[in-house]
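In: how would this look folded up:
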Amino acid sequence: MKLYFSPGACSLSPHIVLREAGFEFTLEKVNLRNRQTASGVDYTTINPKGYVPALDLGNGELLTEGPAIVQYLADQAPESRLAPPCGTLERARVQEWLTFIGTELHKNFSPLFNPAASADAKEAARANLARRLPIAAQALENRPYLTGETFSVADAYLFTVLTWTGLVGVDLSPWPSLGAYQERVGARPSVQAALEAEGLKR
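Out: I've put the predicted structure just below:
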């Protein structure tokens, strides 16, 4: 398998999951500004959506969208316990978190990274994050991971999104459980390896 990624982008989430599950894979960096891969290919010829992540499964199939990729990977390595079995309430809880992170957290960071976004759009995004981050913080008050004692694909996604707070000046200090969680997940060997491979430092 080959993961198309951009350092520190949301592709970090499936990158972490690939390492957690012990898959053999390669990485190809994508420049999101000019849509070129490290090997000089027009990325839109690989993934017409033009953004990361994309996972080449090595069999002629390409899978896109982070939440879909991480669940697919978890199901290919059930022994990793990165997602509960399909059809269970526990799996629905993981999907619930993946949806919340994607729609309520991830998307509200987008204006903060966009130099063309208006001041009003950025202010609205910050206000939305201030209302949404406490929901994750509360869930982590008395448990190490989003769904309990076991690290899941949802945690890989939330950790990735939380790494952006320092880049855009979102202060996590009002929610100590999020800061502690970020440190806890960040210390996992798979996460450290992914960050190192992407040229990121903690």
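In: what helices or strands is the longest helix belonging to the chain leaning on?
Out: Criterion DSSP state H: the longest helix present in the chain is helix 119-139. For helix 119-139, the elements it packs on are helix 89-100, helix 107-113, helix 176-186, judged by 3 or more C-beta pairs under 8 Å, 6 or more residues apart in numbering; DSSP states H and E. Just so you know, the C-beta spots here come from the backbone N, C-alpha and C atoms, and that holds for glycine as well.
In: Show which residues not belonging to stretch 105-123 make contact with it.
Out: Applying C-beta atoms under 8 Å, 6 or more residues apart in numbering, the set of residues contacting stretch 105-123 from outside is 10, 124-126, 128-129, 132-133, 136, 157-158, 161, 164, 167-168, 170.
In: Put the buried members of these into a PyMOL selection.
Out: Of those, the buried ones go into a single PyMOL selection, burial set by 16 or more other C-beta atoms under 10 Å:
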select buried, resi 10+125+126+128+129+132+133+136+157+158+161+164+170
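In: Show me the two of the contacts of stretch 105-123 that sit farthest apart.
Out: Ala124 and Tyr157 (22.7 Å; C-beta to C-beta).
In: Would you mind measuring from the nearest residue to Tyr72 once chain neighbours are set aside to Phe23?
Out: Once flanking residues are discounted, Tyr72 sits nearest to Leu63: 6.0 Å by C-beta to C-beta, 6 or more residues apart in numbering. When C-beta to C-beta, to the nearest Å is the yardstick, Leu63 and Phe23 sit 13 Å from each other.
In: mind checking how far the next helix or strand after the longest helix of the chain is from the chain centre?
Out: Remark: after helix 119-139, the chain's next helix or strand is helix 153-162, criterion DSSP states H and E. Computed by C-alpha atoms, centre = their mean, to the nearest Å, the chain-centroid distance of helix 153-162 equals 5 Å.
In: would you put the C-alpha positions of the next helix-or-strand element following helix 153-162 in PDB?
Out: Moving toward the C-terminus from helix 153-162, the next helix or strand (DSSP H and E) is helix 165-168. Extracted in PDB, the C-alpha atoms of helix 165-168 (Å, rounded to 0.1, in the frame of the first residue of the first chain):
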ATOM      1  CA  THR A 165      -4.100  24.100  17.600                       C
ATOM      2  CA  GLY A 166      -0.600  25.300  18.200                       C
ATOM      3  CA  LEU A 167      -0.200  26.300  14.500                       C
ATOM      4  CA  VAL A 168      -3.300  28.600  14.500                       C
END
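In: other SSEs contacting helix 165-168?
Out: Contacts defined by 3+ C-beta pairs under 8 Å, 6+ apart place helix 165-168 against helix 107-113.
In: Go through the helix it packs on and flag the buried ones.
Out: Residues of helix 107-113 classed as buried under the neighbour-count rule (16+ other C-beta under 10 Å) are 108-109, 111-112.
In: And those, which is closest to Phe100?
Out: Asn108 (11.4 Å).
In: In a strand, Leu3, correct?
Out: Yes. Assessed with DSSP: H, G, I helix; E, B strand; the rest coil, Leu3 lies in a strand.
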